[in-house]
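In: the following block contains a protein sequence and its predicted model.
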Protein chains: 2
Amino acid sequence: MEKMTAFQRFSRAFRENSSLTKMLIVFTISGGGLVAYSESKLDNGMNAITSTEVDGKKKRVVVLGTGWAGTSFLKNLKNSSYDVQVISPRNYFAFTPLLPSVTCGTVEPRSIVEPIRNIVRKKSVYVRYWEAECFKIDADNKKVYCRSNLTTNLDGEEEFVVEYDYLVIAIGARANTFNIPGVAENCHFLKEIEDAQRIRRTVIDCFEKASLPNLTDEERKKILHFVVVGGGPAGVEFAAELHDYVNEDLVRLYPKAKDLVKITLLEATDHILNTFDKRITAFAEEKFQRDGIDVKTGAMVVKVSGKEISTKEVKNGGNVSSMPYGMAVWSTGIGTRPVIMDFMKQIGQANRRALATDEWLRVEGRDSIYALGDCATINQRKVMEDICSIFRKADKDNSGTLTVKEFREVLDDICERYPQVGLYLKNKQMSSLVDLLKESKGDTVKESVEVNLEEFTLALSKVDSQMKNLPATAQVAAQQGSYLADCFNRMEECEKNPEGFLHNNEQALWIVAQPPEYKHFGQFAPLGGEQTAAQLPGDWVSIGHSTQWLWYSVYASKLVSWRTRALVISDWGRRFIFGRDSSGI
Amino acid sequence: MEKMTAFQRFSRAFRENSSLTKMLIVFTISGGGLVAYSESKLDNGMNAITSTEVDGKKKRVVVLGTGWAGTSFLKNLKNSSYDVQVISPRNYFAFTPLLPSVTCGTVEPRSIVEPIRNIVRKKSVYVRYWEAECFKIDADNKKVYCRSNLTTNLDGEEEFVVEYDYLVIAIGARANTFNIPGVAENCHFLKEIEDAQRIRRTVIDCFEKASLPNLTDEERKKILHFVVVGGGPAGVEFAAELHDYVNEDLVRLYPKAKDLVKITLLEATDHILNTFDKRITAFAEEKFQRDGIDVKTGAMVVKVSGKEISTKEVKNGGNVSSMPYGMAVWSTGIGTRPVIMDFMKQIGQANRRALATDEWLRVEGRDSIYALGDCATINQRKVMEDICSIFRKADKDNSGTLTVKEFREVLDDICERYPQVGLYLKNKQMSSLVDLLKESKGDTVKESVEVNLEEFTLALSKVDSQMKNLPATAQVAAQQGSYLADCFNRMEECEKNPEGFLHNNEQALWIVAQPPEYKHFGQFAPLGGEQTAAQLPGDWVSIGHSTQWLWYSVYASKLVSWRTRALVISDWGRRFIFGRDSSGI
């Protein structure tokens, strides 16, 4: 080994020594006093991995995907008795909530990604990663078929097969075009880093194109018409970011473009941000109106050509009209990836929208296959389907009737197993199932009364209406990944000591653990101009500049590593000082 | 206008107020105490531009290209009597000396670019920019034909014509493949930002590909064989950067790849860095040997297929051998762009290598067209061609002979007009032309002696052998751009008061100014491991870690704006703290 120089020694010490790594690196940018710690790069971790022998007896876990769900699973997996293989065409985890910021250069793409190898490197679990795409799942033979789409000049086969004992499917979803003609060909999407980079280049291209000397103002207006389809949080944030980018940075360099730019936001329902509180919706719509962003609600896109977007009014007779555009960004809903559709046919779920799992994230009808994140949907059990076995379980003395006391004893378990019961009680302002019974039997019911199966069924008849699918968000995916990792970590222990209120088909291993409970931490909707709306648990709504700072803090703290944290914070600082860059790269 | 928030007001004040803009933003990264000033973003500049009416009487100057030469011209042009139009497919200036750093992620691509609109925005000169490529120059009608290759959905024409009074051609060169089969298809180049980004992705792709499970070690070795063709400063720097990237960062994430990676540097001549001092060449070759970089000198590439590079030994009978490779980077010499070749045919320069200009950067045979940077070559006048007129000029008393006194009076002018005279005198250790005369007449000559035309011709007969083309470097291009801008700035003044020693065909305007004199500030060759070699004027050679810091300082100071300066410095800091990123984006 060559002699180390002073610089190398210092640099290496910085990275390897765990006491030094805690050294403060202060980025005194924008007076914010933002602080970042250097990341701990323990080489021990690497050595531990390289020296681990793959034990033939280890259970092979194959993870498909390196998004929120897959990465959260990998980060939380601590039981070294698994041999883990990760397969994904992206060798990095991307912090997708900041994608809209990437589209306009507020944050650099590289700042929000972390190589998956870096994430799994320091773990005691033996994890290998293959950069490839799974194109077929063979559940009968416990194999996945993968294809590498790297473009190096290789002699070997481009396809390979990986065998598993447990399969974790977390490959996310694709953008949903709803088979509307022309969308796939002409619209930009907001799913991947590459999408955001393309949008950024296209925005600049539009401004450059509109600056060319041989155009009429009419043509320039067409080119500078940016259309965002979908008034959800992503679409709204992108529209707001674009508005800020244009008005804070681009008008300086393209002064003539100022009066020609137009941003239109299309939403099929009556309001944008319709999953949010009405106060937020109203504030956003008002702010966008002030900003000059044209919000068209009740407008459904029916066709996109290379030059025009055709929309149909949902109300008022369904008039169809067309508007020319320069760039269109499609941000409405998610669809199922082909490999998942294929797999769904295989296991008899062909008529479903997404891969259905039970509450324990097990793919229905398949042991040892788990699906989480955007590619899956939890098929929550209905109370009505299990009403007899619930009654039987609760009726401990086998009397054929339930006393309120017997009932109370199993109430918590029921709420855990069937979250819709808890939701129903909460929405009805009732605090216990006793009230539910009262309602079904009338006010005359006494605490001491007993109910038979029929009355019990009547009391619970409406609770299933409260069943809701979990939203397709990063929060949900991350929590599911962490839950599943926890199950894997405690697998042996759980087998010995089952926990929770079990339902009737409890033959499978995973019922030993309690099903995951989703904790909603709230949701942000950045609205541009350093203002953000937030809907926090308990219907707490916060809108304005202070919320923007909350947004900065939460996003900075949620980033996957100290490295990305420092990079994103310094990107924010750069933007504050120098504005956003407008080079066409 | 909407109300400004406190944040916006602060941010805007920061950008616009010239006293605030001087505020220090301290990036205390890596203990270097590197300091950057916020860039002055005076809106006045923008307003000045928008309010400038294009006066029909203004001379129209069209600049092709936004590289070193074009940007340097634009930055230094201060005379507001021109109507300037800039045409280039790249809407930014790129600091190309840092391209090798971009290939491995030491510096981010966006940190070394500055939008050309930003560069020209603050000027008092009226400058417009079109993002398009010039595909035809019509010198007879003073028009250039341009094509926009932007990919927006446009109604208008994609081609347009721009008329000029003066044309400045500074479109640079393309990579030269010497028509070797397979090079264009299979090799990477190092000319543009996009090239560097592609190289970065390909390096990671190779490592990911080599990690796939279905390969033999032999195949992995092939994929991890990186070949650099060309032992000039760019090729050497890239090889060194790649070696550092692999050994400092990638081996942590791809531990098994360490023993399989190989970097080969191919050079057709006997030594790498052969334009540098021998001490530097020897140091570089020795360091590369220690680092395990395989330097193959005397090896000429004759063919590149998708899988193999074939080389021929220049000596030893010209054996041809082949080696498999994973990625090849081609970094040898520059070639002429098609539009220039076309133009050269038009003006009767078809058999030349590059567009020939006279010393004043005027394209030969064409008034009002100037060419500079890599696309042009100065066709220096030979003393022998002008010997009669030089003699006539010097012989002020028309005596038919020159006295030493008469001679001394014009010596400086001759050296300026014909730089080869100065070089010849310097190399021969002679301090004046008198010594030159002595040499030709023998030692017996006296100070008072007179020479006739024949003797004078004999004395100067060898000086033309000292003529050298200027190297195709950023330094030369920038100096030429600055010189030409200066000429344009002083055009009227120069017309009234011609300066310098004029040669015989002095009908044209530009002879009124002295030809440019190239000042060589030295050259760096970074060798990896925080070591750099530098060859400074006066044959001063410096090698080692201190030179690396000199390199950092010089490059930081030469960057085009405070913004890029701050970004590059913070990139260096990021790399020092967190290492280089290896995400495949």
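Out: Structure received.
In: so which bits of the stretch 251-400 of chain A are right by chain B?
Out: Proximity of the stretch 251-400 of chain A to chain B, by C-beta under 8 Å from any C-beta of the partner chain, involves residues A:Arg252, A:Leu253, A:Tyr254, A:Pro255, A:Lys256, A:Arg290, A:Asp291, A:Gly306, A:Lys307, A:Tyr325, A:Gly326, A:Met327. For glycine as for every other residue, the C-beta is placed from the backbone atoms N, C-alpha and C.
In: and the second one, how many neighbours?
Out: Neighbouring residues of A:Leu253 were enumerated by other C-beta atoms under 10 Å in any protein chain shown; the total is 21.
In: kindly report the same for the fifth one.
Out: Summarising burial for A:Lys256: neighbours were counted as other C-beta under 10 Å, giving 12.
In: that one reaches A:Ser211, doesn't it?
Out: Yes: counting by C-beta atoms under 8 Å, A:Ser211 is a contact partner of A:Lys256 at 7.3 Å.
In: rewinding a little: buried subset of the residues of the stretch 251-400 of chain A next to chain B?
Out: Among those, those classed as buried by 16 or more other C-beta atoms under 10 Å in any protein chain shown are A:Arg252, A:Leu253, A:Tyr254, A:Pro255, A:Asp291, A:Tyr325, A:Gly326, A:Met327.
In: quick one: which of those sit in strands?
Out: In strands, defined here by DSSP state E, the members of these are A:Met327.
In: just the buried ones among the residues of the stretch 251-400 of chain A next to chain B: which are in helices?
Out: Applying DSSP state H to those, the entries found in helices are A:Arg252, A:Leu253, A:Asp291.
In: how about the contacts made by whatever residue of the stretch 251-400 of chain A ends up closest to chain B?
Out: In the stretch 251-400 of chain A, the residue found nearest to chain B is A:Leu253; the distance is 4.1 Å by C-beta to the nearest C-beta. By C-beta atoms under 8 Å, 6 or more residues apart in numbering or on different chains, A:Leu253 lies in contact with A:Phe207, A:Ser582, B:Pro115, B:Arg117, B:Asn118, B:Arg121.
In: tell me which element the fourth one falls in.
Out: Just to be clear, that refers to B:Arg117. For B:Arg117, the host element (DSSP states H and E) is helix B:116-121.
In: tell me the contacts of the nearest residue to A:Gln480 once chain neighbours are set aside?
Out: In this structure, A:Gln480 finds its nearest non-sequential neighbour in A:Leu372, 4.0 Å apart by C-beta to C-beta, 6 or more residues apart in numbering or on different chains. Counting by C-beta under 8 Å, 6+ apart, A:Leu372 touches A:Ala69, A:Phe73, A:Val168, A:Ile169, A:Ala170, A:Thr357, A:Leu361, A:Ala477, A:Gln480, A:Gly481, A:Leu484.
In: ok, A:Lys222 next?
Out: A:Lys222 makes contact with A:Lys307, A:Pro324, A:Tyr325, A:Gly326, B:Asp155, according to C-beta under 8 Å, 6+ apart.
In: max pairwise distance over the residues of the stretch 251-400 of chain A next to chain B: which two?
Out: The distance between the two most remote of those (C-beta to C-beta) is 32.5 Å, for A:Arg290 and A:Gly306.
In: wait, A:Cys104 sits on A:Leu242?
Out: Yes: at 6.0 Å, A:Cys104 counts as touching A:Leu242 under the criterion of C-beta under 8 Å.
In: between the two, which contacts overlap?
Out: Shared contacts of A:Cys104 and A:Leu242 (C-beta under 8 Å, 6+ apart): A:Val203.
In: just the element for A:Trp549, please.
Out: Taking DSSP H and E as the definition, one finds A:Trp549 inside helix A:545-558.
In: contacting residues around the residue nearest to A:Tyr418 when sequence neighbours are not counted?
Out: Nearest residue to A:Tyr418 in three dimensions, chain neighbours excluded: A:Val383, at 5.1 Å (C-beta to C-beta, 6+ apart). Neighbouring residues of A:Val383 by C-beta under 8 Å, 6+ apart: A:Ile390, A:Ile414, A:Tyr418, A:Gln420, A:Val421, A:Leu460, A:Val463, A:Asp464.
In: just the closest of those residues to B:Gly235, please.
Out: For the contacts of A:Val383, the residue nearest B:Gly235 by C-beta to C-beta is A:Gln420; the value is 66.8 Å.
In: burial count for that closest one?
Out: Residues lying near A:Gln420 (other C-beta under 10 Å) number 20.
In: ok, now which ones touch the residue lying closest to it once chain neighbours are set aside?
Out: Distance criterion C-beta to C-beta, 6+ apart; nearest residue to A:Gln420, sequence neighbours excluded, is A:Gln466 at 4.1 Å. By C-beta under 8 Å, 6+ apart, A:Gln466 lies in contact with A:Gln420, A:Val421, A:Leu423, A:Tyr424, A:Asn427.
In: next, give me the two most distant ones among those residues.
Out: A:Val421 and A:Asn427 (11.0 Å).
In: perfect, I'm done here.
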